[in-house]
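K.L.:
return atomic coordinates for the entry below.
(chains A, B and C)
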Amino acid sequence: MPELPEVEVVRKSLNQKIKNKEIKKVLVRNKNLRFKVPADFKNFLKNKKVTNVSRFSKYLILCLDKKSFCLIHLGMSGTIHLVNFKKKNIFTNTSFYNSPLLPKKHNHIEIFFKDLKLIYNDPRRFGFFQILKNDDQLKKRFKHLGPEPFHSRFSLKYLNDFFKGKEKNIKSFLIDQSFVSGIGNIYASEILFLSKIYPLKKAKLLSDNDCKKIILNSKKILLNAIKRGGSSIKNFRDSNGINGNFQKEFNVYQREGEKCKKSSCTGMIKKVFISNRSTFFCDICQI
DNA sequence: AAGAGGCCCTGATAGC
DNA sequence: TGCTATCAGGGCCTCT
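P.N.:
Next up, the predicted model:
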């Protein structure tokens, strides 16, 4: 479900609700997520305080006291819901027809605080929870990941060095988390549209100007998506139940056969599969 | 080493 | 209505 912007939107709203609260109880209804929930998961979390809700790339990080961490990845279909006991409100980041409504199936993990509980729902179970017991373990966990687009390391030199001699197309690089982390399948297409670059262009053939546009537009797209509250495909909401709006601004994603939105361009949006992931582009201004 | 492809899993939707 | 096929925002692993 989520790329960096959606995870950031969830992080913000989650931080408002559970920061500085102590975990009273943990329920694991189904431990068979992408990775098996560890045996000591419940005991490790119990009586620990959430000092902050942080994020790197598409990973949510519950910072706990004693410098330990609970990592949450939402995979493709993971959502987080908060139920307030007193007000009986349900905050959810998934909307259903009669919202606010908690999904009935696939509520795999529940984390109880004094006045509310966090529920992790994930039909496809590609998401996961992991415990990291110190800074060092956290660092190692993210070692294989490239910089986020906002980081100064994501520079012209970095792209030039990375792309040197690479036959692989640029679209595949944008969703390759070891190159740059946080961009997924939707925003990769959108970034290349803004940059006027053909998704199948070989990385080694990109000009300095192409690279500069990629750096600029990666930041631009992600920041704008965060500002809009994420993209509400499949009814994504933040954990206050607020819908995202960025999907209204898609220029190419899921617009196959429609007209290019760029004024003066007479092109049409095409869809191709690049290593099994759908990719959208304008057949005139991106060629 | 780099790059392509498969796989994990359920649910929504399209097409017959 | 009911079947089957295809696709879905991710990440890891294997094979060539």
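
K.L.:
enumerate the residues of chain A near DNA strand B.
P.N.:
A:34, A:77, A:105-106, A:123-126, A:166-169, A:172, A:275-276 (CB under 7 Å from any atom of the strand). (Glycine included, C-beta is placed from N, CA and C.)

K.L.:
of all those, which two lie farthest apart?
P.N.:
For the residues of chain A next to DNA strand B, the farthest-apart pair by CB to CB is A:Lys105 and A:Glu167; their separation is 43.8 Å.

K.L.:
hang on, A:Lys262 in a helix?
P.N.:
No - counting by DSSP: H, G, I helix; E, B strand; the rest coil, A:Lys262 is located in no helix; its state is coil.

K.L.:
how near is the closest residue in space to it that isn't next to it in sequence to DNA strand B?
P.N.:
Distances taken as CB to CB, 6 or more residues apart in numbering put A:Cys285 closest to A:Lys262, at 5.6 Å, once the chain neighbours are dropped. A:Cys285 is 24 Å from DNA strand B, where distance means CB to the nearest atom of the strand, to the nearest Å.

K.L.:
does A:Cys285 touch A:Ser263 like I think?
P.N.:
No - using CB atoms under 8 Å, A:Cys285 is not in contact with A:Ser263; the gap is 10.7 Å.

K.L.:
just want to know which of these two has more residues nearby.
P.N.:
Shown here are A:Cys285 and A:Ser263; by other CB atoms under 10 Å, A:Cys285 has more neighbours (16 against 5).

K.L.:
what's near enough to touch that one?
P.N.:
A:Lys196, A:Cys260, A:Lys262, A:Cys265, A:Gly267 (CB atoms under 8 Å, 6 or more residues apart in numbering).

K.L.:
was I right to think the last one contacts A:Lys261?
P.N.:
No - using CB under 8 Å, A:Gly267 and A:Lys261 do not qualify as a contacting pair, with a distance of 9.7 Å.

K.L.:
lowest-scoring secondary structure element of chain A by mean pLDDT?
P.N.:
strand A:90-92 (a mean of 65; mean pLDDT, DSSP states H and E).

K.L.:
secondary structure element for A:Ile131, which one?
P.N.:
Using DSSP states H and E, A:Ile131 sits within strand A:128-132.

K.L.:
so for that strand, mean pLDDT?
P.N.:
The average pLDDT within strand A:128-132 is 97.

K.L.:
residues of whichever helix or strand comes after it that come out buried?
P.N.:
For strand A:128-132, the succeeding helix or strand toward the C-terminus, using DSSP H and E, is helix A:135-141. For helix A:135-141, the neighbour count (16 or more other CB atoms under 10 Å) marks A:Leu138, A:Arg141 as buried.

K.L.:
right, is helix A:135-141 up against DNA strand C?
P.N.:
No - residues of helix A:135-141 are not located near DNA strand C by CB under 7 Å from any atom of the strand, the shortest gap being 8.5 Å.

K.L.:
what does the lengthiest helix in chain A contact?
P.N.:
Secondary structure of chain A per DSSP state H: the longest helix is helix A:208-227. For helix A:208-227, the external contacting residues (CB under 8 Å, 6+ apart) are A:3-6, A:8-9, A:149-150, A:154-156, A:159-160, A:163, A:170, A:174, A:180, A:182-183, A:187, A:190-192, A:194-197, A:201, A:206, A:231, A:244, A:246, A:249.
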